[in-house]
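# I'd like to go over a predicted model; first the sequence, then the structure.
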Amino acid sequence: MSPFGPLNGRASKPLQFLTLAVGLLAMTVLSMPDPDASVRTAAVVVLWCCLAIYAADLSAKAWPRAGSQPNYLSSAAGIIDLLAVLPIPIALLLGVPAQTAWLLASLWILKLATAVPGLSMLGRVIALEKRALGSVIVIFLTILVLASVALHVLEGPAQPRQFGSLPLSLWWAVTTLSSTGYGDAVPQTFLGRLIAGIVMISGLGVFGLWTGILATGFAAEHRRRDFIRNWDLVTQVPFFKNLDPPTVIELTRMLRRLDLAERTVIVRRGRPGDCMYFIASGEVEVKVEPHPVKLAAGAFFGEMALLTGGQRMANVVTTQPTTLLALEVADFHTLTAHHPELARAVAAEAARRKGSSEKPSPPAKGKTRERKSR
Ligand code: CMP
């Protein structure tokens with residue numbers, strides 16, 4: 001069993017981050033010149049403990065057993081775990097001084113790549129946008145090469161120490177194009193300065209393109225993931241079960257998922273209505289007088305204010321952790337315009353609810369539970 005608990009277990013994450021932070025801190029302390037003997041011993045003990053934890057974690061994951069990932073050691077996570085465990089003892093066995101050998105603990109930081117899901121998303125975005133990113137790299141390299149050759153020709157004779165060879169002027173081009181500008185090499189000729197100006201402005205353009213491509217890639221990937229998650233929820237709502245697949249796709253794009261904690265107020269009486277909600281899982285309570293009504297998974301609410309264009313007629317609160325699908329008012333009107341049968345079903349339910357709210361109430365016997373909506 002891994003010291004971090006079950007493979008990829010959520011509860012193990014804080015423990016993994018803590019081990020990493022403590023290990024890196026100990027490595028930093030050990031790297032300081034002439035640390036106090038007791039501090040040094042404490043840092044070494046901490047580092048050995050972290051290494052032991054990582055070794056135990058690795059052997060637990062790599063040990064062949066039912067349910068474990070086959071060929072774990074050849075996966076990216078397995079290679080990172082191996083890099084965390086093996087290099088330090090090998091370096092110590094080869095006689096590398098302890099202070100230097102323990103610097104290999106910096107490889108533990110690679111474990112963050114497997115612990116943070118956002119990085120796998122970045123990898124996917126880069127893979128999907130590789131053509132666009134590749135073309136920006138080509139622009140970058142083209143400017144780099146042309147500018148460094150031009151500056152070598154124009155500035156080389158007057159400033160041989162800064163531009164006397166292509167590698168030297170290439171260094172100038174990299175620092176200028178990346179907007180770093182160390183100022184260690186500055187063109188003196190008019191043409192050299194003109195080219196430097198063009199390179200600086202091009203640098204801003206190239207990094208703007210990079211940012212734009214990655215940002216749109218991330219947004220598209222988020223939309224894709226949301227779509228897949230919403231699709232599963234939408235197909236579970238009975239109200240949508242008779243819709244044809246193109247409409248379900250349209251609806252999945254329109255709906256926004258909300259994961260709410262218990263006792264969250266979703267709708268407030270008297271407020272204008274801007275969306276209606278479908279309950280994918282959990283339960284809400286509609287605070288109508290004299291007896292609140294509970295709505296379970298599959299039901300919808302918040303439709304009345306959209307139909308009348310008026311105000312919310314009751315507070316609606318979650319009674320347990322609940323997942324809702326919110327449909328904005330503009331999308332509600334688009335959907336009901338294209339699907340009159342849905343519009344009729346929503347209007348019929350709203351009329352039934354309005355009627356039941358207006359009926360004189362029978363003697364109170366406690367809360368009523370509403371049947372699942374069709
Ligand atoms: P709306 O008025 O927009 O916001 C409050 C919502 O509570 C309302 O829409 C209905 O969806 C819901 N609601 C109101 N009365 C009842 C009722 N008697 N039974 C079930 N739901 C109701």
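Noted; the coordinates are in hand.
# next SSE after the top helix by length along the chain?
Scanning the chain for the longest helix, with DSSP state H as the assignment, gives helix 190-236. Next in sequence after helix 190-236, counting helices and strands by DSSP states H and E, comes helix 245-254.
# now V317: which helix or strand?
strand 316-318.
# immediately after that strand, which helix or strand?
Assigned by DSSP H and E, the successor of strand 316-318 is strand 322-328.
# list the neighbouring strands of that next one plus their orientation.
Strand pairing for strand 322-328, determined by DSSP bridges: strand 256-260 (antiparallel), strand 275-281 (antiparallel).
# my guess is L335 contacts L342. True?
Yes. Assessed by C-beta atoms under 8 Å, L335 is found in contact with L342 at 6.4 Å. All C-beta spots, glycine's among them, are computed from the backbone N, C-alpha and C.
# for S106, what are its contacts?
Contact analysis of S106 by C-beta atoms under 8 Å, 6 or more residues apart in numbering lists 24, 27.
# what residues does the protein put near the ligand?
267, 273, 286, 288, 293, 301-305, 312-314, 316, 353, 356-357, 370 (C-beta under 6 Å from any ligand atom).
# change it to 8 Å
267, 269, 273, 276, 286, 288, 293, 295, 299-306, 308, 310-316, 350, 353-354, 356-357, 370 (C-beta under 8 Å from any ligand atom).
# in helices, which of the residues you listed fall?
Short answer: the residues of the chain next to the ligand in helices (DSSP H) are 303-306, 308, 350, 353-354, 356-357.
# please pick the buried ones from those residues.
Listed as buried from these are 303-306, 350, 353; burial here means 16 or more other C-beta atoms under 10 Å.
# could I get those as JSON lines with pLDDT and distance to L82?
Converted to JSON lines, these look like this (pLDDT from 0 to 100; distance: C-beta to C-beta, whole Å):
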{"residue": "E303", "pLDDT": "95", "distance to L82": "57"}
{"residue": "M304", "pLDDT": "95", "distance to L82": "61"}
{"residue": "A305", "pLDDT": "95", "distance to L82": "59"}
{"residue": "L306", "pLDDT": "94", "distance to L82": "57"}
{"residue": "A350", "pLDDT": "94", "distance to L82": "62"}
{"residue": "R353", "pLDDT": "92", "distance to L82": "62"}
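# widest-spaced pair of those residues?
L306 and R353 (13.2 Å; C-beta to C-beta).
# quickly note the distance from the residue positioned nearest the centre of the chain to L107.
Taking C-alpha atoms, centre = their mean as the criterion, G118 is the residue nearest the geometric centre of the chain, at 4.2 Å. Applying C-beta to C-beta, to the nearest Å, the value for G118 to L107 is 21 Å.
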